[in-house]
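Q: Okay, here's the prediction I keep looking at, along with the sequence it came from:
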Amino acid sequence: MKTFSDSEADLAELAGRTIGIVGYGNQGRAQAQNMRDSGLSVLVGSPRDASYERARQDSFEVVDIAGVARRADVICLLIPDEVQRTVYTEALASELRPGQMLSFAHGYNIRFRHIVPPPTVDVGMVAPRMIGTGVRSSFLAGKWVPATVAVWQDATGRALARTLALAKAIGATVQPVLETTFAAEAEIDLFMEQAVWASVVQVFRTAFEVLTQAGYAPEEALLEMYVSGEAAEVFAQMRQMGFFKQMALHSRTSQYGQLTRSRSVLPGDLTQSFAHVLEAIRDGSFDQEWSEEARRGYPLFDDLRRNAEAHPMNTVESQLALLIGSQPTAIET
Ligand code: NDP
């Protein structure tokens, strides 16, 4: 894979330019603050809502979204993916000028052609591989904000240079930043959500149900599964030491159990199942399903969320928090 080092990214590329941040949520707030601290001129675009007030409290100039399109040289679209098409169509498209840049943090809307910018503007992406609070805290600590970058279209001949400058401004070039494409980023991201994290959700939910039905204390089941933080530590060590090498930190009994059972514990053919998930992403059928769900007002999604929030694990988490004297921490956004 191609990478770009810090020395290949030049903030001067954006000197004298206005960076418009559309949306002041998880990524918008973190990226706007990082860019300002990197010396860029930042303008925030938001309707008059809670985000508007928050950006003003953080001492940003805030205008409506069409105002960002009129004034900014680079427009970073940092609102939820499912509303980007509407916001782009209603507030941005008619205001775009040749030579401007549209920048994304995720490839979805470009990959699935929900947004088709005119050929006269640059289109780039800086996709942090980290939640917004981490983007800000890593930047403040001088640590790397892991990200990938891509260019979809280069109208000015400067699209890559501008994208790398944006990456540097949020802290993503402290270590080399990886080059991707809009399609690869969007497809891998969706695959992680729908294959890997979906499996983790089902594995943990099933483990809880099997253990409690067998009569074990539900609090102890949750402590073992993730409340102790051991699982988070294992993931941290996978990153530090290596996926398999960190196994040396586990007992030999644990290693034997993991290695003997890992290929047989999940029923069915995982390769075929994951390939099916990937195919539905790549051929656009997942996008069609999700777009239709959005058009209908998210009835299935709301139902699934309600079911998840009614699962007994939620109650046990609260009981366990009382027992061990801590509450699950709400993430500050
Ligand atoms: P958020 O859900 O945090 O964005 C919320 C912001 O968007 C708020 O300012 C909200 O305003 C505004 N907003 C919501 N709906 C509308 C609308 N219809 N019109 C105008 N403004 C609206 O988004 P994220 O920061 O999570 O995601 C932004 C982008 O970053 C996405 O492309 C996402 O895929 C990508 N990304 C996100 C990551 C993450 O960790 N969350 C990681 C990497 C990439 P209000 O106050 O009114 O709600």
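A: Yes, it's here.
Q: got any ranges where the stretch 201-333 of the chain has weak pLDDT?
A: 326-333 (pLDDT under 70).
Q: Okay, buried residues for stretch 166-180 please.
A: By neighbour count with 16 or more other CB atoms under 10 Å, stretch 166-180 contains the buried residues 166-173, 177-180. C-beta here means a position set from N, CA and C on the backbone, and glycine is covered the same way.
Q: Flag the shaky bits of the stretch 1-150 of the chain, pLDDT-wise.
A: Looking at the stretch 1-150 of the chain by pLDDT under 70, you get an empty list.
Q: and with 90 instead?
A: 82 (pLDDT under 90).
Q: What segments of it are helices?
A: Here the stretch 1-150 of the chain has its helices, by DSSP state H, counting those that start in this stretch, at 26-37, 50-57, 65-71, 81-87, 108-111, 132-140.
Q: List just the one of those helices that sits closest to residue 13.
A: helix 26-37 (12.8 Å; CB to CB).
Q: quick one: contacts of that closest one?
A: 19, 21-22, 24, 42, 44, 51, 54-55, 58, 60, 76, 78-79, 105, 128, 131-133, 135-136, 139, 145, 166, 169-171, 333 (CB atoms under 8 Å, 6 or more residues apart in numbering).
Q: rerun at 7 Å
A: Identification of contacts with helix 26-37 by CB atoms under 7 Å, 6 or more residues apart in numbering yields 19, 21, 24, 42, 44, 54, 58, 60, 76, 78, 105, 128, 131-133, 135-136, 139, 169-171, 333.
Q: Just the buried ones from the residues you listed, in PyMOL syntax?
A: One line in PyMOL is enough to select the buried members of those, burial here meaning 16+ other CB under 10 Å:
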select buried, resi 19+21+24+42+44+54+60+76+78+105+128+132+135+136+139+169+170+171
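Q: Generate CSV for the helices of the stretch 1-150 of the chain, with distance to the ligand as supplementary columns.
A: Compiled in CSV, these are given as follows (distance: least, CB to the nearest ligand atom, whole Å):
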stretch, distance to the ligand
helix 26-37, 3
helix 50-57, 3
helix 65-71, 6
helix 81-87, 4
helix 108-111, 7
helix 132-140, 5
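Q: will you turn those into JSON lines that also has distance to residue 303?
A: Listed next are those as JSON lines, based on distance: least, CB to CB, whole Å:
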{"stretch": "helix 26-37", "distance to residue 303": "25"}
{"stretch": "helix 50-57", "distance to residue 303": "27"}
{"stretch": "helix 65-71", "distance to residue 303": "31"}
{"stretch": "helix 81-87", "distance to residue 303": "17"}
{"stretch": "helix 108-111", "distance to residue 303": "23"}
{"stretch": "helix 132-140", "distance to residue 303": "28"}
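Q: Great, nothing more from me.
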